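Chemist: Give me the fold of what follows.
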Amino acid sequence: MIDSDAMNDAFAPLPRERLSDHLASRIGGSIERGQYRLGDRLPSIDAMARAFGVAPASVRVALTKLEMLQVVEVRHGLGVFVVKVG
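Modeler: Residues are numbered from 1 along each chain as shown. Prediction:
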């Protein structure tokens, strides 16, 4: 017979990843794999939102996370550029 503590541990809720974290990982992975190189401009926020099937706000939050990690630089009116690879 399974004790209640083991049952609770086995069926504990899985940690949920935020959509923006998942998007940041996907975009960052594209950069790491060489799809985008240093200095390259990423697609527009709207284009990425359509490609991922998410709202533009989610892409903006993901790009903000990558900007905080100094992987990309958001240049308002110009686009988002890769500033660090790997």
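
Chemist: which residues in the chain form helices?
Modeler: Ranges of helices within the chain are 4-10, 19-32, 45-52, 56-68, based on DSSP state H.

Chemist: which one of those helices lies closest to residue 78?
Modeler: helix 45-52 (12.4 Å; CB to CB). C-beta: built from backbone N, CA, C; applies to glycine.

Chemist: Please name every helix or strand in contact with the closest one.
Modeler: helix 19-32, helix 56-68 (3 or more CB pairs under 8 Å, 6 or more residues apart in numbering; DSSP states H and E).

Chemist: With mean pLDDT as extra columns, can I get those in TSV?
Modeler: Converted to TSV, those look like this (pLDDT from 0 to 100):
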stretch	mean pLDDT
helix 19-32	95
helix 56-68	97
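
Chemist: okay, these in a markdown table with distance to residue 84 next?
Modeler: Compiled in a markdown table, the helices and strands packed on helix 45-52 are given as follows (distance: least, CB to CB, whole Å):
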| stretch | distance to residue 84 |
| --- | --- |
| helix 19-32 | 8 |
| helix 56-68 | 9 |
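
Chemist: Let's have those helices in TSV, adding mean neighbour count and distance to residue 86.
Modeler: As requested, those are exported to TSV (neighbours: other CB atoms under 10 Å; distance: least, CB to CB, whole Å):
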stretch	mean neighbour count	distance to residue 86
helix 19-32	17	6
helix 56-68	18	13
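
Chemist: Compare the ones you listed and give me the one nearest residue 45.
Modeler: So among the helices and strands packed on helix 45-52, helix 56-68 is nearest, using CB to CB, at 5.0 Å.

Chemist: The closest one to helix 19-32, inter-axis angle?
Modeler: 60 degrees (axes from the mean of the first three to the mean of the last three CA atoms, to 10 degrees).

Chemist: Format the CA atom coordinates belonging to helix 56-68 as CSV.
Modeler: Extracted C-alpha coordinates of helix 56-68, given in CSV (Å, rounded to 0.1, in the frame of the first residue of the first chain):
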residue,chain,number,x,y,z
PRO,A,56,2.9,40.6,-29.0
ALA,A,57,3.0,41.5,-25.3
SER,A,58,4.4,38.0,-24.5
VAL,A,59,7.1,38.5,-27.1
ARG,A,60,8.0,41.9,-25.6
VAL,A,61,8.3,40.4,-22.1
ALA,A,62,10.6,37.6,-23.5
LEU,A,63,12.8,40.2,-25.3
THR,A,64,13.0,42.2,-22.1
LYS,A,65,14.3,39.2,-20.3
LEU,A,66,16.9,38.6,-23.1
GLU,A,67,17.8,42.3,-22.9
MET,A,68,18.4,42.0,-19.2
